[in-house]
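Undergrad: Need coordinates for the following:
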Amino acid sequence: MDLTDHVVVLTTLPPASDSDAAGFATALVEERLAACVNIYPEMESVYRWKGQVERERERQIVIKTTAARLEALRERVRQLHPYEMPEFIVLPVIAGSKGYLAWMMESTAGGR
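TA: Next up, the predicted model:
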């Protein structure tokens, strides 16, 4: 097992009143695209979109997965996501406990 096998993916979703973050997270875990998905409380995001500075409520979503599942995850996020261009930022895992990293591999193995 190599550390480059593990990644953390960041995305955001609209506030709870506008999206089903739990359903989004459950689908990714059930389909073995993610070992774990964390759903953070609402926060305020400020960003530039189509030439305008926007300010919106969003929820940060943290997805723990493996490099082997990354492309399938990217496609599924595009399918499930309500945004025209969802955030999809991949961070490498440079260290972690052996047991947790093994669990991540096991939890995402055997996916479609």
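Undergrad: residue boundaries of the strands in the chain?
TA: For the chain, the strands defined by DSSP state E cover 6-13, 36-49, 52-66, 89-92.
Undergrad: Dump the ones you listed to a markdown table, plus mean neighbour count and distance to His81.
TA: For the C-beta atoms, the positions are set from N, CA and C on the backbone; glycine is no exception. Below are these laid out as a markdown table (neighbours: other CB atoms under 10 Å; distance: least, CB to CB, whole Å):
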| stretch | mean neighbour count | distance to His81 |
| --- | --- | --- |
| strand 6-13 | 20 | 7 |
| strand 36-49 | 12 | 13 |
| strand 52-66 | 17 | 10 |
| strand 89-92 | 11 | 14 |
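Undergrad: Columns mean pLDDT on top of those strands, output as JSON lines?
TA: Converted to JSON lines, the strands of the chain look like this (pLDDT from 0 to 100):
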{"stretch": "strand 6-13", "mean pLDDT": "97"}
{"stretch": "strand 36-49", "mean pLDDT": "96"}
{"stretch": "strand 52-66", "mean pLDDT": "97"}
{"stretch": "strand 89-92", "mean pLDDT": "96"}
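Undergrad: Can you check which of those gets nearest to Glu30?
TA: Proximity to Glu30 (CB to CB) singles out strand 36-49 among those, at 10.7 Å.
Undergrad: other SSEs contacting the closest one?
TA: Of the remaining helices and strands, those touching strand 36-49 by 3 or more CB pairs under 8 Å, 6 or more residues apart in numbering; DSSP states H and E are helix 21-30, strand 52-66.
Undergrad: Reformat the ones you listed as TSV; add distance to Gly110.
TA: Formatted as TSV, the helices and strands packed on strand 36-49 follow (distance: least, CB to CB, whole Å):
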stretch	distance to Gly110
helix 21-30	12
strand 52-66	12
